[in-house]
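>>> Below are the sequence and a predicted model for it; my questions follow.
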Amino acid sequence: MPFSSEIELLVFPETLANNDMALLVSGKLVQLLMLAWLGALATGEIQCGRLDENLLYTTDESTKPSENPWVGILLEDQGNHYENMRCSVVIINELHVLTTASCVKGFNSRSGDTKAVAMLGVWNENDSPEEELVCNDKDFCVPGPELYKVVDIKVHPQRDRDTGDNDLAILRLEKAIEWTHWIQPICLEGSSEPETLTNRNLHYSGFNHGDYSRGKGLAMTVSTPKCKKLTSSTVFFPVNQMCAYPVKRTKFYPGAPLMDIDVRDEKPHNFYLVAILVRNIDTDATTQVYQSVRRARSWLLENTK
């Protein structure tokens, strides 16, 4: 990717430290401000599900580079290139990401040589891991995405191929993730959660078929009877899945996280994972079908130690 001779590094004022250092790029002096989270990185203190309250109340359909930094893309190593599998992955800790079992059904499940790769820290699908910096048309730049080889795939033991229920897979990475401002984990649960997920206006994020940049949106969850009607499942609907109406009809890739907000002291504190997207259905409006992770949390924790 060609770079302008005057590169401006994208930084976030609320996270800046008091020190800065000079970086010389293409003969131009650029101020690379040190981020306050460096101290936390050094001690291993990473806050999962980090959010910026200001970004919750916008109508933007694209995220900022540091927004929802737990969403990546699943690739397949083809030897001479990486194929985008059009599935999202969600970072849950330093060695594991989560996606749907359907997304990994074509991969080798044997440990060590799965051919699956997680691309993390990606803001635009067209960005290459070979780029040290990637910039937009306004010369705002962020670090290029990072590749992490997947060495083990664990599909939920109660996955039902007939109904699609428990469509979850944990992917273990070859090496620990290096945390940055653009690569961080989501929280797996909130400090207090509502009893029901029906009629909840929840956040989701990921990549989609309509834009190359990482997107976001809101979706209203519906009741199981309504979900059965929307999916034409008149007799049976998977007990651990749920439906939601997105505000926009954009079809996001499977694996996109559906998130609620943990509120503490009457302030939004962090995002936590509620479900991941398994499919989109077109009726009068787009319906999203999600796999809930609530009943799978013990399995997730046990297999991501």
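Yes, it's here. Numbers count the residues shown, from 1 in each chain.

>>> so how far is Thr250 from His209?
Using Cβ to Cβ, to the nearest Å, His209 is found at 7 Å from Thr250. (Each C-beta comes from the backbone N, C-alpha and C, glycine too.)

>>> Count the residues that sit near Asp60.
11 (other Cβ atoms under 10 Å).

>>> Quick check: it touching Gly215?
No. Contact criterion Cβ atoms under 8 Å: Asp60 and Gly215 do not qualify, at 9.0 Å.

>>> neighbours around the closest residue to Ile73 other than its chain neighbours, how many?
In space, and not counting its chain neighbours, Ile73 is closest to Met119: 4.7 Å by Cβ to Cβ, 6 or more residues apart in numbering. Close neighbours of Met119, defined as other Cβ under 10 Å, add up to 20.

>>> who does Met119 bridge with?
On the basis of DSSP bridges, Met119 is bridged to Ile73, Leu147.

>>> Next: the one 5 residues further on.
For Asn124, the beta-bridge partners are Ser213 (DSSP bridges).

>>> That one and Cys135: what is the separation?
For Asn124, the distance to Cys135 (Cβ to Cβ) stands at 10 Å.

>>> Could you check the helix ranked longest in the chain and say which residues are buried?
In the chain, with assignment by DSSP state H, the single longest helix is helix 224-231. By 16 or more other Cβ atoms under 10 Å, the buried positions in helix 224-231 come out as Cys227, Lys229, Leu230, Thr231.

>>> helices or strands up against it?
For helix 224-231, the elements it packs on are strand 241-246, strand 286-292, judged by 3 or more Cβ pairs under 8 Å, 6 or more residues apart in numbering; DSSP states H and E.

>>> Which residues does it contact?
Thr198, Val222, Ser233, Thr234, Phe237, Gln241, Met242, Cys243, Ile281, Thr283, Thr287, Val289 (Cβ atoms under 8 Å, 6 or more residues apart in numbering).

>>> got the residue ranges for the strands in the stretch 51-200 of the chain?
With DSSP state E, counting those that start in this stretch as the criterion, the stretch 51-200 of the chain has strands at 71-77, 82-93, 96-99, 116-120, 133-135, 140-143, 146-155, 169-173.

>>> Of those, flag the one that's most buried.
Neighbour counts (mean count of other Cβ atoms under 10 Å) averaged over each of the strands of the stretch 51-200 of the chain peak at strand 96-99, with a mean of 26.

>>> Can you list the strands that that one pairs with?
strand 82-93 (antiparallel), strand 169-173 (antiparallel).

>>> So what touches that strand?
Against strand 96-99 from outside (Cβ under 8 Å, 6+ apart): 72, 74, 87-92, 118, 120, 148, 168-173, 254-255, 273, 276, 293, 300, 303-304.

>>> Check the offset of it from the chain's centre.
9 Å (Cα atoms, centre = their mean, to the nearest Å).

>>> now stretch 288-302
Taking mean C-alpha positions (Cα atoms, centre = their mean), stretch 288-302 and its chain are 15 Å apart.

>>> Which pLDDT value goes with Asp152?
pLDDT for Asp152: 95.

>>> give me every residue that touches it.
Contacts here follow Cβ under 8 Å, 6+ apart; on that basis Asp152 touches Ser111, Gly112, Thr114, Leu171, Arg172.

>>> Would you check which pair of the residues you listed lies furthest apart?
Farthest pair in the contacts of Asp152 (Cβ to Cβ) is Gly112 and Leu171. Separation: 13.1 Å.

>>> Was I right to think Val89 contacts Gly72?
Yes. Counting by Cβ under 8 Å, Val89 does reach Gly72; the two are 4.7 Å apart.

>>> hey, what's in contact with both of those two?
Here Val89 and Gly72 share the contacting residues Val97, Ala118, Leu120, scored by Cβ under 8 Å, 6+ apart.

>>> I'd like these written out as a markdown table, with distance to Ser205 and pLDDT added.
Shown next, in a markdown table, are the shared contacts of Val89 and Gly72 (distance: Cβ to Cβ, whole Å; pLDDT from 0 to 100):
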| residue | distance to Ser205 | pLDDT |
| --- | --- | --- |
| Val97 | 14 | 98 |
| Ala118 | 16 | 98 |
| Leu120 | 14 | 97 |
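
>>> can I get the residues you listed in JSON lines with distance to Glu178?
Below are those laid out as JSON lines (distance: Cβ to Cβ, whole Å):
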{"residue": "Val97", "distance to Glu178": "14"}
{"residue": "Ala118", "distance to Glu178": "13"}
{"residue": "Leu120", "distance to Glu178": "9"}
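
>>> Columns distance to Gln47 on top of the strands of the stretch 51-200 of the chain, output as CSV?
Converted to CSV, those look like this (distance: least, Cβ to Cβ, whole Å):
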stretch, distance to Gln47
strand 71-77, 17
strand 82-93, 13
strand 96-99, 18
strand 116-120, 17
strand 133-135, 25
strand 140-143, 20
strand 146-155, 20
strand 169-173, 21
